[in-house]
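Undergrad: Model the following, please.
(2 chains)
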Amino acid sequence: MKGLISVIVVNYNALKYLTPCFSSLREIEKDDYSLEIIMVDNLSQDGSVHEIRDNFPEIKVIENTVNSYTKAINVGIRASTGAYVGLLNPDTVVEKNWLKGIIDIMNGYDRIGVVQSKILFSDKKTINSVGVEEVEDFYFRDIGFDEKDVRQYEKPMEINFFSGASVFFRRDCLVDVGNFDEDFVMYMEDVDYSIRCRDKGWRIFYAPESIVYHKYHALTSSELCEYYCSRNRMLLLGKRFPFQLPGSIKTSYFYLKNDMSNLYRSLIQAVKKMAEHQPTEIIVKVLDDLKDIVPKIFGSQKAVYFFSQLEVVLVLRKIKIGIYDQAFHFAGGGQRYAATLAELLQDDYDITFIANKDVTLEQYKAWFDIDLSNCKLKIIKIPFFEKAGCYHINEGMVINEETNPFDIISQESLNYDIFINANMLTKVKPLSVLAIFICHFPDREKERFFSVDKYDYLLTNGNYGSFWVKKRWGLNPTLRLYPSVDMYHGRNSFDGKSKIILSVARFEESGSKKQFEMIRAFRKLSKRDKRVKQEWRFIIAGGSAGDNSYFNKVKREINEIEATNIELMPNLTNSEILKLYGEASIFWHACGLGEKDAHLVEHFGMTTVEAMQNYCVPIVINGGGKEKLLSMKSADSCLVQKKS
Amino acid sequence: MLQKAALTISRESFSVFYYKAKRRLKSYLWRFKNVPHAPVTSPSGTESLKTYVRLNDFEMKADREVIRKKLRAINEEIEKKRGA
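TA: Numbers count the residues shown, from 1 in each chain, chains lettered A, B, ... in the order given. The predicted structure follows:
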């Protein structure tokens, strides 16, 4: 035996082509070499892996963890053991002489590191590629492409660039040159590799006797091909020819097709690529050139984003996130939702909370036991609401104003890479590089200054919110991020529960949480059943800020009826609430009671989830977000019909 | 969505942000996994992480401080021209 030759086939959903391809490989003349065939599968969904394992047991199948062609090649090369390693597209059929044609050339001279086959289209008459050449402006094309094969390329020849559809490498060459660049994902990785081979002194040849028939673009769309070719051209320039990068922008397909967003992104990636490979002086010089071109192409605002974003991309600073919440100054489920996110991310990101009223981050420790010590806080008072003396920022008050009072927040959003509108204020137009709108529930119709459609991402906290966002605003939420629930008290059963009915809800000025109605209901129960009166307690906990008229009303009611088994507990700390959840047996949440549209007042019902987590039996109104919540197969839930 | 985001640098920041947020929130929720009978809600129908392409490790050869200063100076210059 002369030795081992490896052939790597990267597959993605190419099942229908694999059998002819591998069958043709079984038939080739091996010239006393033994053949090792490796298929690297890129997360195919067409059953290729099982099919090949069953029908071609001699083939080594490797399942890649991502769908990336270049990564798959590297995985395959690492797994291969042959002295020569071939790459072959799956949508090909090889001729009997395919291997021998290559080996004959390879054996001719030991500095030949790469040999490409003669690649014909599947009609067997038309040439696909006998090598790759540069046309102009760093555009490349296959030599002989679409020409009738009339034996015009019958002699072996040295080429500058190879095509990866059917090509062999000498093992020493692969070791010397290193991995394929995985940032290319697919297309033009072969041009990059060709340049690197030649830099190291390896020569690249074309072998006319090694023939392969190729389906060509059978597996990738031409759109995808165009995208990667255009993008990777810029990556290649950044990496290898940085001085050509600024001048190449206007000859890019993206520019010519007015696809400015892909041009912008590709340019950023190209600069990143340049920074990976080039020294300081070159980068500074190219940045200087880009400084003149980028504003002309994208406009000055976008140019500022561009260079600011480069700081992040080049890991020169952390990503700046601004989280705006107009109700940040009083505790609620929405505030905890965003604060939990911030707490989790604060070590990796530069996070600033933007509030409209005086508050401190320490307050969140007391309210929710959330540590925001690595976050910053910026209080921006909105003159419109200050003048009106409002404690609550209600965007519904902005009706006939000529200018948008929330423009001050839009301006602030400019200072961040990511601006998060955390409490669904619809009138803030984001000006950050990237903007996220978190919507717990779309409780306002589309009004003047409506800007939710200007955000890049629209997050909801569940299916219920998503449904209403679509219905009310006609927008499709980008994704769901469920609220985290971290109120488990540590009791894993009903043991230790007391005869306590608990309610945890903010004392809304509007009375939407219905504490008043619950007091009356409990009183009725007490009158009807002596055991309730003697043994049970009703505890009403919740946040109340400022001079809250509704809270005062509830307090008066309890005093007037002289109920000794009803306790009002405003503004408890997180640990106190937690203790109550642990002790209570029943949880009442009446938000939505008597309301025509329950969904307008209760969108999720976080406290109900917290209570359930602590083995309280929830008794809630059958409407709004809770309806969905309790349909989540939770045990021990009881729904009260609105009318009852 | 994740795959699309990961393919583009301007979206990369969000990809990382979302990936981290999702991963951490997931582990956060799964802290309750071992609590017997505790109600655990897990997102259904969200995107598969299989399609998420991790960003390659990035290492810059150049002097970081020089490049940082250069980028800031460029932006100041653009802002100044805008103002003028």
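Undergrad: Please make it C-alpha for all contacts and neighbour counts, starting now.
TA: Fine.
Undergrad: Can you give the domain ranges for chain A?
TA: With domains defined by automatic domain parsing, chain A comprises A:3-214, A:222-313, A:320-480, A:500-640.
Undergrad: Going by mean pLDDT, which of those domains comes out lowest?
TA: Across those, the stretch with the lowest average pLDDT is domain A:500-640; it has a mean of 82.
Undergrad: Tell me the gap between that one and the middle of its chain.
TA: In terms of CA atoms, centre = their mean, to the nearest Å, the gap separating the centre of domain A:500-640 from the centre of its chain is 38 Å.
Undergrad: returning to what we had before: nearest to chain B, out of the domains of chain A?
TA: Checking the domains of chain A against chain B by CA to the nearest CA gives domain A:222-313 as the closest, at 4.4 Å.
Undergrad: And that closest one, end to end?
TA: End-to-end span of domain A:222-313 (CA to CA, to the nearest Å): 29 Å.
Undergrad: Is any residue of that domain near chain B?
TA: Yes. Shown here: domain A:222-313 in contact with chain B (CA under 8 Å from any CA of the partner chain) through A:265-266, A:268-269, A:275-280, A:283-284, A:287-288, A:291, A:295, A:300, A:303-304, A:307-311, A:313.
Undergrad: Which ones among the residues you listed map onto helices?
TA: A:265-266, A:268-269, A:275-277, A:280, A:283-284, A:287-288, A:291, A:295, A:300, A:303-304, A:307-311, A:313 (DSSP state H).
Undergrad: For chain B, give me its nearest residue in the stretch 351-500 of chain A.
TA: Nearest residue of the stretch 351-500 of chain A to chain B: A:S484, at 6.3 Å (CA to the nearest CA).
Undergrad: Now the phi/psi pair for that residue, please.
TA: phi -80, psi 150 (degrees, to the nearest 10).
Undergrad: Please apply the same query to the one 5 residues further on.
TA: With angles defined as degrees, to the nearest 10, A:H489 sits at phi -90, psi -20.
Undergrad: could you measure it against A:N374, distance?
TA: Distance, A:H489 to A:N374, by CA to CA: 27 Å.
Undergrad: ok, those two, which is more surrounded?
TA: For A:H489 versus A:N374, neighbours defined as other CA atoms under 10 Å in any protein chain shown are more numerous around A:H489 (19 against 16).
Undergrad: who touches the more buried one in this structure?
TA: Shown in contact with A:H489 (CA atoms under 8 Å, 6 or more residues apart in numbering or on different chains): A:L578, A:K579, A:Y581, A:G582, A:N614.
Undergrad: where does it land on pLDDT?
TA: pLDDT, A:H489: 72.
Undergrad: circling back: which of the residues of domain A:222-313 next to chain B are buried?
TA: Buried members of these, counted by 16 or more other CA atoms under 10 Å in any protein chain shown: A:265-266, A:268-269, A:275-278, A:280, A:283-284, A:287, A:291, A:295, A:300, A:303-304, A:307-311, A:313.
Undergrad: list the helices and strands the host helix or strand of A:E567 packs on?
TA: Using DSSP states H and E, A:E567 maps to strand A:566-570. Contact analysis of strand A:566-570 by 3 or more CA pairs under 8 Å, 6 or more residues apart in numbering or on different chains; DSSP states H and E lists strand A:537-542 as its packing neighbours.
Undergrad: For whichever helix or strand comes after the strand it packs on, output the C-alpha coordinates as CSV.
TA: The helix or strand immediately downstream of strand A:537-542 is helix A:549-561, counting by DSSP H and E. Extracted in CSV, the C-alpha atoms of helix A:549-561 (Å, rounded to 0.1, in the frame of the first residue of the first chain):
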residue,chain,number,x,y,z
SER,A,549,-55.8,58.5,48.1
TYR,A,550,-56.7,54.9,47.3
PHE,A,551,-54.5,53.5,50.0
ASN,A,552,-56.0,56.0,52.5
LYS,A,553,-59.5,54.9,51.4
VAL,A,554,-58.6,51.2,52.0
LYS,A,555,-57.1,52.1,55.4
ARG,A,556,-60.2,54.0,56.4
GLU,A,557,-62.5,51.1,55.4
ILE,A,558,-60.6,48.7,57.6
ASN,A,559,-60.7,51.1,60.6
GLU,A,560,-64.4,51.7,60.1
ILE,A,561,-65.4,48.1,60.0
